[in-house]
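> predicted model and sequence below, questions to follow.
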Amino acid sequence: SPSDPDLVERARAAKEKLGDKVFVLGHHYQRDEVIQFADVTGDSFKLARDAAARPEAEYIVFCGVHFMAESADILTSAEQKVVLPDLAAGCSMADMATAEQVAECWDVLTEAGIAEQVVPVSYMNSSADIKAFTGKHGGTICTSSNARRALEWAFGQGDPASTKVLFLPDQHLGRNTAVRDMGMSLEDCVVYNPHKPNGGLTTEELRAAKMILWRGHCSVHGRFSLESVNDVRARIPGVNVLVHPECRHEVVAAADHVGSTEYIIKALEEAPAGSKWAIGTELNLVRRLANRFAPEGKEIVFLDRTVCFCSTMNRIDLPHLVWTLESLAEGTLVNRIEVDAETEAFAKLALERMLALP
Ligand code: 13P
Ligand code: SF4
């Protein structure tokens with residue numbers, strides 16, 4: 001992508017001046033102009049793990065969204081400062097579960113007499129408050145690359161026959177993992193709507209469910225439809241459809257392969273020359289992969305041309321990165337993300353359970 005050569009040079013110079021004091025992490029959905037300055041790129045799981053891998057770096061510049069920077073702060077030492085180049089880089093999915101709503105949900109489960117059977121499993125894409133709730137109630141965090149192992153762990157926490165999982169906040173990842181990977185049925189899943197009294201569920205429905213799915217979703221992945229899958233199959237005979245598990249269930253059920261961003265990249269690296277792929281995930285990543293693999297004769301298209309970038313991921317651009325790096329190089333700490341100590345303690349418990357999954 002055409003990045004301003006003057007800004008590229010300024011970012012390079014500031015980063016060089018900072019040396020080992022700075023470690024730049026870049027999620028796969030970041031713009032090319034930002035990714036070129038990342039010391040490490042990855043999916044949410046890899047970045048959570050790698051954030052803690054550079055204890056000598058005073059500044060962790062997180063090119064991604066707010067919940068990722070919070071998780072990095074939780075997993076790094078108190079002396080390390082995590083910086084998000086634009087504080088407006090949030091995540092609409094993470095915003096769909098607030099601490100008050102989740103506390104209210106727990107009251108509903110308690111009143112239905114099932115709270116003791118419920119293990120919370122929260123997607124990484126959630127605020128530190130939700131992670132702390134999860135840790136406090138004996139649950140774990142998961143990402144799209146370990147959701148199955150997290151659910152298996154959760155159902156092993158009590159009697160598997162009566163244990164239930166409260167899955168927050170992405171209903172699609174929860175349903176797709178339960179049904180596609182673990183053989184549960186759609187009827188085993190109910191959707192808890194935080195905007196309705198009792199979550200919109202009867203006590204009988206709550207008691208019968210194995211998976212209580214929070215009514216959240218990703219606004220980007222939610223736009224891929226079964227029609228997009230059918231259209232691309234008609235347009236490109238022999239195409240392999242590969243989608244992210246944040247897509248709706250009917251899309252995942254119709255796809256050939258499903259996985260995290262890291263999985264998607266590996267699948268394309270291993271794909272034979274001449275193969276054709278339609279990818280259902282964020283556009284920055286799909287474009288980068290299409291350009292990268294075109295010379296090897298792999299045809300990669302975006303699953304649905306009407307879907308666009310993740311607008312909050314895109315908030316991190318080269319001007320914000322330059323401003324961040326230059327400020328840090330001048331000794332001015334900007335845009336620090338810091339989770340308070342009590343939230344951090346419980347959230348860390350939940351994150352460490354995830355990191356310890358087999
Ligand atoms: P992964 O990179 O873990 O697949 O997550 C995708 C995502 O939506 C992050 O916001
Ligand atoms: Fe959130 Fe979806 Fe954007 Fe990921 S792609 S940051 S889940 S809105």
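Structure's in. What do you need? Ligands and ions are numbered 1, 2, ... in the order given.
> list the contacts for the residue minimising distance to the centre of the chain?
Centroid-nearest residue in the chain: residue 125, 4.7 Å away (criterion: C-alpha atoms, centre = their mean). For residue 125, the contacting residues are 44, 67, 91, 93, 94, 169, 170, 218, by C-beta atoms under 8 Å, 6 or more residues apart in numbering. From N, CA and C alone the C-beta is placed, and that goes for glycine too.
> my guess is residue 149 contacts residue 358. True?
Yes: assessed by C-beta atoms under 8 Å, residue 149 is found in contact with residue 358 at 6.3 Å.
> I'd assumed residue 41 was in a strand, is it?
Yes: Residue 41: assigned to a strand according to DSSP: H, G, I helix; E, B strand; the rest coil.
> surely it and residue 32 touch.
No: Residue 41 lies out of contact with residue 32 (C-beta under 8 Å); the separation is 11.2 Å.
> spell out which parts of the stretch 51-200 of the chain neighbour ligand 2.
Within reach of ligand 2 by C-beta under 6 Å from any ligand atom, the stretch 51-200 of the chain has these residues: 65, 91, 92, 93, 125.
> check the burial of residue 53 by counting its neighbours.
12 (other C-beta atoms under 10 Å).
> reduced to three states, what does residue 328 come out as?
Secondary structure, three-state DSSP: residue 328 is helix.
> that one and residue 22: what is the separation?
6 Å (C-beta to C-beta, to the nearest Å).
> intersection of neighbour lists for those two?
59, 61.
> near ligand 1, which residues of the stretch 1-150 of the chain show up?
By the rule C-beta under 6 Å from any ligand atom, the part of the stretch 1-150 of the chain lying against ligand 1 is 28, 43, 44, 45, 125, 143, 144, 145.
> ok, these vs residue 197, which is closest?
Lowest distance from residue 197 to these (C-beta to C-beta) belongs to residue 125, with 26.1 Å.
> what are the phi and psi angles of that closest one?
Per-residue torsions, residue 125: phi -70, psi 70 (degrees, to the nearest 10).
> show me what contacts the residue of the stretch 101-250 of the chain found nearest ligand 1?
Proximity of the stretch 101-250 of the chain to ligand 1 (C-beta to the nearest ligand atom) peaks at residue 144, 4.2 Å away. Shown in contact with residue 144 (C-beta under 8 Å, 6+ apart): 43, 44, 45, 123, 173, 244, 245, 246, 259, 260, 261.
> swap in residue 161?
Here residue 161 is in contact with no residue (C-beta under 8 Å, 6+ apart).
> how far away is it from residue 211?
Counting by C-beta to C-beta, the gap from residue 161 to residue 211 is 14 Å.
> quick one: whichever strand or helix holds residue 349 near ligand 1?
For residue 349, the element it lies in under DSSP states H and E is helix 341-355. No: judged by C-beta under 6 Å from any ligand atom, helix 341-355 stays clear of ligand 1, getting no closer than 11.9 Å.
> contacts for that helix next, please.
So helix 341-355 is contacted by 48-49, 70-71, 73-75, 122, 128-129, 131-136, 139-143, 146, 150, 153, 339 (C-beta under 8 Å, 6+ apart).
> near ligand 1, which residues of the stretch 201-350 of the chain?
Going by C-beta under 6 Å from any ligand atom, the residues of the stretch 201-350 of the chain near ligand 1 are 218, 244, 246, 260, 261.
> most surrounded residue in those?
So for those (other C-beta under 10 Å), the most neighbours sit at residue 244, 29 neighbours.
> so which residues of the stretch 201-350 of the chain form strands?
Assigned by DSSP state E, counting those that start in this stretch, the strands in the stretch 201-350 of the chain fall at 211-214, 240-243, 257-258, 276-280, 299-302.
> with residue 231 as the reference, name the closest of these.
By C-beta to C-beta (comparing all of these), the closest turns out to be strand 276-280, at 9.4 Å.
> residues in contact with that closest one?
With C-beta under 8 Å, 6+ apart as the criterion, strand 276-280 contacts 221, 224, 228-229, 232, 236, 238-244, 247, 251, 255, 264, 268, 271, 285-286, 289, 298-304.
> let me know the secondary structure of residue 191.
Going by three-state DSSP: residue 191 is strand.
> list the contacts for residue 139?
119, 120, 121, 122, 154, 166, 350, 353.
> for it, what are phi and psi?
Phi and psi for residue 139, reported as degrees, to the nearest 10, are phi -100, psi -180.
> nearest residue to it in space, please, no chain neighbours.
Leaving aside its sequence neighbours, residue 139 sits nearest to residue 120 (C-beta to C-beta, 6 or more residues apart in numbering; 3.4 Å).
> would you map the helices across the stretch 51-200 of the chain?
66-75, 99-111, 128-136, 147-155, 171-176 (DSSP state H, counting those that start in this stretch).
> okay, these in CSV with distance to residue 319 and mean neighbour count next?
CSV is the format used below for these (distance: least, C-beta to C-beta, whole Å; neighbours: other C-beta atoms under 10 Å):
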stretch, distance to residue 319, mean neighbour count
helix 66-75, 19, 25
helix 99-111, 33, 16
helix 128-136, 28, 25
helix 147-155, 35, 21
helix 171-176, 33, 26
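> so can I have TSV of the ones you listed showing mean pLDDT?
Converted to TSV, the helices of the stretch 51-200 of the chain look like this (pLDDT from 0 to 100):
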stretch	mean pLDDT
helix 66-75	97
helix 99-111	98
helix 128-136	98
helix 147-155	98
helix 171-176	98
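> now the ones you listed as a markdown table including distance to residue 83?
A markdown table is the format used below for the helices of the stretch 51-200 of the chain (distance: least, C-beta to C-beta, whole Å):
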| stretch | distance to residue 83 |
| --- | --- |
| helix 66-75 | 8 |
| helix 99-111 | 24 |
| helix 128-136 | 16 |
| helix 147-155 | 29 |
| helix 171-176 | 28 |
